[in-house]
Every structure is written in C-alpha cells, then in structure tokens.
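Student: okay, structure incoming, though there's no sequence with it:
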C-alpha cells in the first residue's frame with residue numbers, strides 16, 4: 001500500500017504538465033502512486049504523461065470519458081490505494097517535501113487531513129516568477145468540524161494544499177460534484193470535508209504553488225455564479241440526504257452560501273457585466289439566502305458586519321446592490337490604477353525594505369512592465385550587498401548617496417512612519433516618498449495584478 005495516492009487531473013495543459021509531473025515524481029516521499037486522469041487532451045498532454053509513465057511505474061494514465069473535473073477526481077479516488085490522498089492540478093506544481101511533511105504530520109497525529117499554506121505563482125514580465133505567500137491561520141492546533149462552524153468565514157479555501165485520509169473520505173462518502181467543466185468543483189468537496197472533520201491540522205509551511213496567470217484557468221470562468229450555485233445546491237442536497245439536523249452546520253453552510261454568492265461577483269464585476277445566466281443564478285442565490293434568514297440561520301452575531309450589510313443589500317435591494325458592487329469594483333481598481341500611474345511617473349524607484357510586502361509591491365509594478373526600479377534598501381545590515389528578486393540591496397545611506405533624486409516606495413507594514421522620519425533626516429523630501437498600502441492577500445491582489453493597466 002503506497003503512503004499517498006496523488007491525483008493529477010488534466011485537460012490541455014501541455015505548457016505546464018512537465019513542471020507539474022517533475023515536482024510530483026521527485027517528492028522526497030517516494031512511496032507514492034501517481035494517478036493521472038486526462039479528459040481528452042488534444043495538445044500533446046497525454047503523450048507527455050505517457051512519456052513519464054513509461055519511465056516510472058508509480059504513474060498510471062487513465063482516460064476519462066467525461067470532461068468533468070469532479071468526475072476525474074472521483075475516478076482517481078475510486079482507484080486510489082494509498083493511506084492518504086493528494087490532488088495536484090496540472091497547471092500547478094509542488095515543493096519536493098510537500099507530501100513527506102504532510103503525510104508524517106497526519107500519521108503522527110492520526111489526522112483526517114493535514115493542510116499547509118500555499119504560494120500563489122505569478123510570472124509577470126520577462127520570465128520573472130513571484131511566489132506570493134498565503135498562510136493558513138491557527139497552524140499547529142488540532143481542529144475539527146466545530147472549528148469551521150464557529151467561523152464567520154471559513155479559512156479553508158482550496159482542496160489541493162493537503163492530504164486526506166482515504167478511509168475518512170470513503171466512510172463519509174465525500175466526493176466531488178460531477179458537473180461539466182472544471183470551475184469551482186472543489187467547493188462541494190471542501191465543505192463536505194470540513195463539516196465531517198474529526199481531526200485535522202494546518203501546518204505553518206508553504207508547499208503548493210498555485211498558478212494564477214493561466215488565463216485559461218477555471219478561476220476566470222465567466223459563469224462563476226452558475227458554477228458556485230451548482231456547488232451550493234450539491235452540498236445542501238448531500239446534507240439533506242445524509243439527514244444532517246445540526247443547526248450549527250446548516251448555519252455554517254448558510255454563511256458560506258452568502259460568500260459563494262457575493263465574493264466572486266465582486267471579482268468578476270471588476271472585469272465586465274455578468275451575463276443573463278449569471279444574473280439568474282444570483283437571483284436563485286438570493287432566494288436561498290432569504291429562506292436561510294427566515295429560518296434563523298443567518299444572524300448578525302455570527303457574521304462580519306460587512307457581510308451582514310452586503311447580504312441585506314443583496315436580498316432586499318437588488319438594484320442598489322448592483323450599483324454598490326459596480327462602484328466598489330471600480331474603487332478597488334482605481335486605488336490600484338492610481339498607484340501604478342503615480343509610480344510610473346517616477347524616474348527612479350528604490351523600494352525600502354526587502355520583505356513580504358516588497359514582493360507584493362514589486363510584483364504589481366513588474367506585471368505592469370515598470371522598469372524604473374533601480375534598487376532595494378533595507379535597515380538590516382545582514383541584507384546589505386545581497387540581492388532581492390534580482391535587485392541589489394543597499395544600506396539606506398548608500399541608496400541616498402548613489403540615487404539622490406530617487407523616489408522611495410516604503411514597503412513596510414510595522415513601522416512606515418519611522419522609515420519616513422529616517423528618510424527625512426537623511427534629506428529626502430516627503431514628496432519623494434510613497435507608503436505602499438495595497439492589500440497583501442495574494443488571491444485578492446492577483447485579481448487586480450492580472451488586469452494590468454487598461
């Protein structure tokens with residue numbers, strides 16, 4: 001019996017499949033099986049997988065007769081022989097020790113699952129690659145379904161950044177919705193896992209590399225509301241069929257329904273108007289949410305103030321909500337756009353601080369093809385003389401001496417005011433400084449990053 005069965009669902013990912021398979025076959029945990037389920041690729045994906053399968057007996061290539069991500073994963077689960085199950089989407093890749101760390105964490109703590117934070121991968125310009133960190137909170141603690149039903153918003157976003165005990169999945173008949181396509185079909189699986197979880201753990205590390213710059217990814221599917229609605233109805237039907245009477249679980253699902261209806265709407269509205277099918281799906285979401293509220297499953301005490309207010313606007317004044325979302329989407333984008341336009345005017349940019357916030361700022365600038373960044377500077381002497389994301393790291397005094405007319409982008413979350421004072425003391429004028437204030441949420445930020453300037 002292999003320790004971990006890893007499912008790789010694919011469809012026309014020839015440009016990414018080699019990197020993906022290489023990252024899996026080279027895992028430090030070698031006792032694995034790799035189940036590749038292809039849904040009819042026509043771009044050479046299958047030929048590449050077969051090339052690897054011919055060299056590695058751990059790889060099995062299966063042809064799916066349905067173009068359904070859910071069907072592919074379920075087919076892989078039915079075939080799996082491992083103690084634990086992992087999933088890698090084939091335009092993504094993983095760190096070499098992902099499955100070794102997660103497997104032994106799960107074994108040592110007898111977990112139904114172990115999950116870790118992940119990187120959002122963005123390759124903006126001239127072959128550069130940025131790994132933006134998305135941590136999971138409450139790492140290191142044993143959690144159960146009670147943890148999730150006590151949250152205003154579930155912190156568990158995806159299914160591929162962990163390993164799942166196969167007997168747990170089969171005991172509770174946890175499977176994916178087998179709808180057509182590949183968009184958002186991980187939602188139903190995730191909610192069923194979280195509502196049945198007996199013992200799980202988040203690990204304070206980053207292993208999975210989630211690609212956000214593949215424009216063909218299901219993330220950007222224009223039928224967002226229709227797919228989310230299908231997942232919502234799938235989970236609710238399963239809860240009914242399973243005889244779930246726990247009101248706290250139903251209240252959890254009610255809150256997540258609000259999230260499923262509203263969150264993608266804002267992201268998508270930043271690009272274009274939803275089509276008629278999406279508007280009809282939003283209307284059905286609205287009816288479900290109204291029933292949940294009438295049944296007492298949605299209360300202001302269990303929801304964030306923002307979610308509660310927007311939910312009321314969405315259900316009670318739909319036309320006003322449409323206007324609100326349009327304004328909010330444009331406001332979000334304008335903050336980003338105004339920052340880029342202003343920074344683009346500067347002849348030379350020095351990024352002050354070489355940390356996490358600086359990586360987000362640099363990614364944003366480079367995806368918009370800004371080439372006026374000349375260096376980094378940092379107060380940590382240990383960094384001096386090194387490089388960050390390809391740029392030299394200077395002592396602040398040297399940066400001021402070498403680039404007396406540069407504009408300083410202060411990318412420091414803890415003490416930006418102190419850095420402003422430091423630069424003022426060194427003769428830099430206030431108008432030659434900008435404090436970076438845009439969000440460091442990788443998933444939200446990359447939605448803005450990937451729009452580019454228009």
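Tutor: Perfect, thanks for sending it. It should be emphasised that the depicted structure is a prediction, and the values quoted were computed from it without experimental measurement.
Student: please count neighbours and contacts with C-alpha atoms only from this point.
Tutor: Noted.
Student: what about the strands in the stretch 51-200 of the chain?
Tutor: 59-63, 84-87, 93-94, 113-122, 130-134, 142-143, 162-165, 200-211 (DSSP state E, counting those that start in this stretch).
Student: spit out the contact partners of residue 250.
Tutor: residue 297 (C-alpha atoms under 8 Å, 6 or more residues apart in numbering).
Student: am I right that it is in a strand?
Tutor: No: if the criterion is DSSP: H, G, I helix; E, B strand; the rest coil, then residue 250 is helix and not within a strand.
Student: pLDDT value on it, please?
Tutor: pLDDT recorded at residue 250 is 97.
Student: and residue 63, by the same measure?
Tutor: At residue 63, pLDDT is 96.
Student: distance of the nearest residue to it once chain neighbours are set aside from residue 73?
Tutor: Nearest-residue entry for residue 63: residue 38, 5.1 Å, with adjacent residues in sequence omitted and distances by C-alpha to C-alpha, 6 or more residues apart in numbering. Computed as C-alpha to C-alpha, to the nearest Å, the residue 38 to residue 73 distance reads 10 Å.
Student: what is in contact with those two at once?
Tutor: residue 9.
Student: run the chain-centre distance for stretch 408-423.
Tutor: Distance of stretch 408-423 from the chain centroid (C-alpha atoms, centre = their mean, to the nearest Å) equals 29 Å.
Student: now swap in stretch 318-332 and tell me
Tutor: Distance, centroid of stretch 318-332 to centroid of chain: 24 Å (C-alpha atoms, centre = their mean).
Student: buried sites along that stretch?
Tutor: Within stretch 318-332, the residues that count as buried by 16 or more other C-alpha atoms under 10 Å are 321-322, 324-326, 329-330.
Student: nearest to residue 114, of these?
Tutor: residue 329 (35.1 Å; C-alpha to C-alpha).
Student: distance of that closest one from residue 54?
Tutor: Counting by C-alpha to C-alpha - residue 329 and residue 54 are separated by 49 Å.
Student: same check on residue 305?
Tutor: For residue 305, the distance to residue 54 - C-alpha to C-alpha - is 56 Å.
Student: who wins for proximity to residue 19 among the strands of the stretch 51-200 of the chain?
Tutor: strand 93-94 (6.6 Å).
Student: quick check: mean pLDDT of that closest one?
Tutor: 98.
Student: shaky segments in the chain?
Tutor: The chain contains residues with pLDDT under 70 at 181-183, 213-223, 264-273, 442-454.
Student: and the longest helix for it?
Tutor: helix 318-344 (DSSP state H).
Student: which residues sit in contact with residue 9?
Tutor: Taking C-alpha under 8 Å, 6+ apart, one finds 36-39, 69, 72-73, 88-90 in contact with residue 9.
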